[in-house]
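Undergrad: make a model of this:
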Amino acid sequence: LGRSILKTVRRVDFYPKYDSEEVKSTKTTSGAIISILTAAIILWLLVSETSRFMKTIKKEHVTVDSDMNLEIAAFLNISFHHLKCESINIVNQDVSGESIETNRTMLKLIPLSASGIPINISKSEGTSHIRRDAGCRLQGHLNLKKVSGNFHIAAGELTRTPDGRVIHRISIAKAKTFRPDHTIHALRFGPLFKGMNNTLDGYTAKFDGTIAGHFQYNIKIVPTTYSSLGGDEVYSAQYSATMQKSPVVIKPGSVHIIPGVFFSYAISAYMVSITESRQAVGSFLTSISAIIGGTFTIAGIVSSLMYHGGKALRLFTLRPGGGSSVAMASMRMG
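TA: Residues are numbered from 1 along each chain as shown. Model (predicted):
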């Protein structure tokens, strides 16, 4: 049975051996083992190379953003836990001083219950008891010019100055009760693209107790283009952000820090271009050929060395000098 198994294994030998004095080829057990290992290694390398070929590669490079006329859309989804919708005013103001108040076609204010669930104020849920504890969700988008600026939600009535700026007029009593604790469900600049990472998504900012606060976000926006394998190109942006918060400072007769949430942004003059690509078919076929040919050749050399080396060793031990020395060494050990 043992000889039958060995005979079967030897048939797998990919590297038949030829002696100089013999025409008939010889298959060996060691050669069969090497052949099996070779086939396993080649299969593993082929799977790895195919996986790498199918994987999408993203290449990034930075260029100067030469198109300053395009606007960037800021998409907002923010819940204010202690502010009713009628007390929320949003202003978008750039460095030139131009201010744009809330555009109801682009932004929606959705009343929230105390548990954060959207409510319909036209129904019975919109009673004064529920609305007293209700918050508000701000959803929609703003169009930002490619200059520095800020958009903010702050307390007070909006008033436009003669030079076109929008300011907040707020009473001390109003400032004390304006609590802009909030959760940013989503904040992004531009359309979504694969692998987009929005730093502030899911971020919650609040003060303990009933303190009115001022939240300041500083955002650095980098315009980004994303080109997919299918040839589609998306013009969007990435950003980084930091946040500082401070309680409202109220002194007799004045409010030194306006309670609210302020998003100050600066847009980079550089643009990041991300392009999807894949390994070329020719390169993939070359790698496959190199894997099969190289592994097969090296394994053949190892098999040949083992066969001829073992045969030379056996011939050496069968010589009179070699054999007697081995026998004497065995007797001494005995």
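Undergrad: which residues does Cys71 contact?
TA: One thing to correct before we go on: residue 71 is Glu, not Cys. Residues counted as contacts of Glu71 (CB atoms under 8 Å, 6 or more residues apart in numbering) are 143-146. (C-beta placed from N, C-alpha, C; glycine too.)
Undergrad: which one of those is nearest Glu86?
TA: Distance to Glu86 across these (CB to CB) is lowest for Asn143, with 24.6 Å.
Undergrad: in three-state terms, how would that closest one be classified?
TA: Using DSSP: H, G, I helix; E, B strand; the rest coil, the three-state assignment for Asn143 comes out as strand.
Undergrad: burial count for it?
TA: 12 (other CB atoms under 10 Å).
Undergrad: biggest helix in the protein by residues?
TA: In the chain, with assignment by DSSP state H, the single longest helix is helix 281-318.
Undergrad: that one packs against which elements?
TA: Packing partners of helix 281-318 (3 or more CB pairs under 8 Å, 6 or more residues apart in numbering; DSSP states H and E): helix 29-54, helix 320-333.
Undergrad: and the shortest one, average pLDDT?
TA: Taken as a whole, helix 320-333 has a mean pLDDT of 47.
Undergrad: same check on the longest one?
TA: The predicted model gives helix 29-54 an average pLDDT of 84.
Undergrad: still on that earlier bit, for the contacts of Glu71, pick the one with the most neighbours.
TA: Busiest of the contacts of Glu71 [other CB under 10 Å] is Leu144, holding 23 neighbours.
Undergrad: for the protein, which segments are assigned as helices?
TA: 2-10, 29-54, 128-132, 172-177, 281-318, 320-333.
Undergrad: for the longest one, buried residues please.
TA: Of the residues in helix 281-318, 284, 287-288, 291, 295-296, 299-300, 302-303, 306-307 count as buried by neighbour count, 16 or more other CB atoms under 10 Å.
Undergrad: and if you look at the second one?
TA: Neighbour-count burial for helix 29-54 flags 31-35, 38, 42, 45, 49, 53 (criterion: 16+ other CB under 10 Å).
Undergrad: and which of those residues is nearest Tyr239?
TA: Scanning those for proximity to Tyr239, where the rule is CB to CB, the winner is Phe53, at 33.8 Å.
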